[in-house]
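Trainee: Provided below are the primary sequence and the corresponding predicted coordinates.
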Amino acid sequence: MLGRRSQTSSQASSLDQEVPCERQDSGPSQCSSRDSAPSPGHSMESGASVTDLHMEAMIPTLAERVAKMDVVNPEVLRVTPVFRALERFAVALRVDSAGDFFHKSHRSQQISTFWSHSWHGGHWKKILTIVTLYNGTAAVVLSLLTGACMMMLFSVGNLPGIDRGWWDDSFLWSCWSTFSGFVVACLAMMFWRPRTGVFLDRICISQNDARLKTEAIFSLAGLLKNSDRMLILWDPTWTERLWCLFELAAFLKSKTSRQQHLIVRPIFMGPLTIAVYLTFAAFAMPIATVPVDTERTILQMLSAIVLCMLVVAVPTASTIRSYFRDLDTMKLQLSSISVDSTRSSCCDLNHLSSSGERMLCDRKIVKECVKTWFGSELAFEDTVRTEVSDILNRDLTQKVFSTPWALGVSSPVILAFMDLSASWTQPPNIWALWDHPALCLLAEGLLTWFLVPANKDLLILLLRLGRRRPRSPFLELLKNLSVLSAAAIPVLVLIAAYGFTRFTDQVFFELTTSSAFFRLVSYACCTLLIALCNYFLGLGLKALLRRPGW
C-alpha cells in the first residue's frame, strides 16, 4: 500500500475534519480524476479549495487521530481472502487496471496478514511471489502425496510401465510419480484457493465511498495494530517510500518483540521459484523416462540435462547477485535515511492535483505521528537506521532462501526416485525386506533430496561473495560461470559418489551378490561427508563476509 497518490476528500461531517487518503502509487482507480466522488487527499470547504494556512492548521489534529492507533469505524477493519485478491489474474494488484474491488472484502475482528508493498515495483513479479508464497506449500505437498499414491499403485501392478531398453525385456519402468506429481503441482499452483484473510489496500479501502475512505486513513495505524503479521513485498523502491517505512514503524511500535511476526519477501522470488522448480522437473523427467539402452543415449540425456540447467542457472546467478547488490544499496539508504529524504507522491506532484487543487502534505502528517510514537524525528530515524535496518537485512539475507524453500523447488528429485523405487518392486521378489532395492533406492532418493539445502547454502554464499558487477559483460558472464562451477563441485562429487557406491558391496565387502543395503550405507556416508564439507566451507565464507569491505 505505500507511497499512495493523494486524492480529494468529501466532507466527513461526523469527524469534523477532512483527511488525506492513504496513498496508492500509480493506481489509476485511485486518482482523483477517476473517482466518482472526491476522495481524501485534498480538503474541500463549501466546494472551494482551502487555504494553505487552514491546511497547515489541520495537520496536528489529523496526525493526532492517526497516531492514536484506533479503528475509527469497525466497518473499515476489513480483510479479503487471498484467492479473491488473485482473481482475474490478480487484477487488483495490477497498476494498469481500473475498477472498484471493495465488494471482495468483508468485515473482520482481526487481520491475519497486512500486505505492505510499493506500487512502483514490478506488479507481475509481485503477483507471482504471492502465488508461490500462498500456493507453493499446497502444490508441493499435493504433488508428493500424488507421487506416493502412484508409486503404491504401480508397485501392486495397477498401473502399466514403459520399456526403457534396460535390464531385460520384461522389466517395465514407472514414470507415474514424476509426471503426475508435476501436473498436480502445476494445477495446485494455479487453482488453489487460500482463504487467509489479508488486508490489501486496493480491495479493503473503498474507492467510491469518500467517508469510508477517510475513516480508513484515520484508522491506518489501528489496522496495523490489529494485524497478526505483516508481509513486506520488497523491491528496491519500497525502502524509498515514505508510507512504506511509516507502515513498518507503526507495526513495530504497536507490537511487543514476541508479537512482531514480520515476513519479508523480495518480489523476484516468485519468478525465481517457478524457474528453479521447472529446472528440477526438467532434470527429473528424463531420469524417469528416457531409454537407457546404450551409452550414447545416456550421454545424450546427461548433455541435455546439463544444457537445460545452464540455460536457467546463468540468469539465476546473475539475478541473485543483483539482488545482493540491491541489499547493499538498501543498507546505505537506511544508514542515512531521514523523513525528509524519503519519497511521497504528494511531494512528487508538488502538492497539486491534476485539477490544480492543493493537497495536504503526507510528510508533515507522518512527522507528527512519529513524534507522538517515538518522541522525536531523530528517535524515529535512529530506529529505522538500527532496528528496521537489522530486521530487513536479516530477513532478506537469512530467511529468503530457506531450507523449506529449497526442498520445495527440488521436490521433483524425490518424485523421480519414487519411480525408480516402484520399478524395482516387480516380481520375482528374491530380496529380504531390509535389503530390498526398492526401499534402498527410495532411501537414497531421500538422502539426495535432503542434501539440496546444504548445496543451496553454499551456492548462495558464493553468489553473495561474488555479487559485485564487473564492467565488461563478458567478465560478468565469466563471473557467473565461475561461481556456478565452484558451487557445482559438491554436486559432481555427489554424482561420482553415487556411481562409485554401486560397486562398494562387491569391492569392499567382497560379496558374491550385490547388496542394496550396503550400497545405501556407503552412499549415506558419502552424503554425510559432503554435507559436513559444505557446512565447514560455509562457516569460512560467512566469516569472510563479516569482514569489512565484503
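Mentor: Thanks, I have it.

Trainee: for the record, mean pLDDT for the biggest helix by length in the chain?
Mentor: In the chain, with assignment by DSSP state H, the single longest helix is helix 295-335. Helix 295-335 carries an average pLDDT of 88.

Trainee: start at 798 instead
Mentor: Okay, using 798 as the starting number, the last item reads as helix 1092-1132.

Trainee: which other helices and strands contact that helix?
Mentor: helix 1066-1086, helix 1186-1195, helix 1234-1262, helix 1270-1297 (3 or more CB pairs under 8 Å, 6 or more residues apart in numbering; DSSP states H and E). Where you see a C-beta, it was placed from the backbone N, CA and C, and this is true even at glycine.

Trainee: as TSV, the ones you listed with mean pLDDT and distance to residue 1036 would be great.
Mentor: Formatted as TSV, the helices and strands packed on helix 1092-1132 follow (pLDDT from 0 to 100; distance: least, CB to CB, whole Å):
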stretch	mean pLDDT	distance to residue 1036
helix 1066-1086	92	17
helix 1186-1195	88	8
helix 1234-1262	95	19
helix 1270-1297	93	25
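
Trainee: those helices: which one's closest to residue 1344?
Mentor: The minimum distance between residue 1344 and the helices and strands packed on helix 1092-1132 falls on helix 1234-1262, with 10.8 Å, by CB to CB.

Trainee: pull the residues that contact stretch 865-876.
Mentor: Stretch 865-876 is contacted by residues 812, 862, 902-906, 908-909, 994-996, 1001-1002, 1009, 1012-1013, 1015-1016, 1018-1023, 1047, 1051 when judged by CB atoms under 8 Å, 6 or more residues apart in numbering.

Trainee: just the ones of those in strands?
Mentor: Residues of these located in strands (DSSP state E): 903, 904, 908, 909, 994, 995, 996.

Trainee: in PyMOL, select just the buried ones from those residues.
Mentor: Those of these that count as buried under 16 or more other CB atoms under 10 Å are selected in PyMOL with:
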select buried, resi 908+909+994+995+996
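
Trainee: which of the ones in strands among the contacts of stretch 865-876 sits closest to residue 1313?
Mentor: Once CB to CB is applied, the member of the ones in strands among the contacts of stretch 865-876 that ends up nearest residue 1313 is residue 909, at 47.8 Å.

Trainee: quick check: that closest one vs residue 1001, distance?
Mentor: According to CB to CB, to the nearest Å, residue 909 and residue 1001 sit 12 Å apart.

Trainee: just residue 850 next, same as before
Mentor: Applying CB to CB to residue 850 and residue 1001 gives a distance of 34 Å.

Trainee: could you check which of those two has the larger neighbour count?
Mentor: residue 1001 (27 against 8; other CB atoms under 10 Å).

Trainee: who's in contact with that one?
Mentor: Residue 1001 neighbours (CB under 8 Å, 6+ apart): 873, 875, 876, 877, 899, 902, 1013.

Trainee: among those residues, which are located in strands?
Mentor: Using DSSP E, the contacts of residue 1001 in strands are 875, 876, 877.

Trainee: for the residue nearest to residue 1213 when sequence neighbours are not counted, give me its contacts.
Mentor: Nearest residue to residue 1213, sequence neighbours excluded (CB to CB, 6 or more residues apart in numbering): residue 1081, at 3.9 Å. Counting by CB under 8 Å, 6+ apart, residue 1081 touches 975, 1209, 1210, 1212, 1213.

Trainee: do I have it right that the first one meets residue 1216?
Mentor: Put plainly, it is residue 975. Yes. Between residue 975 and residue 1216 there is a contact under CB atoms under 8 Å: 5.4 Å.
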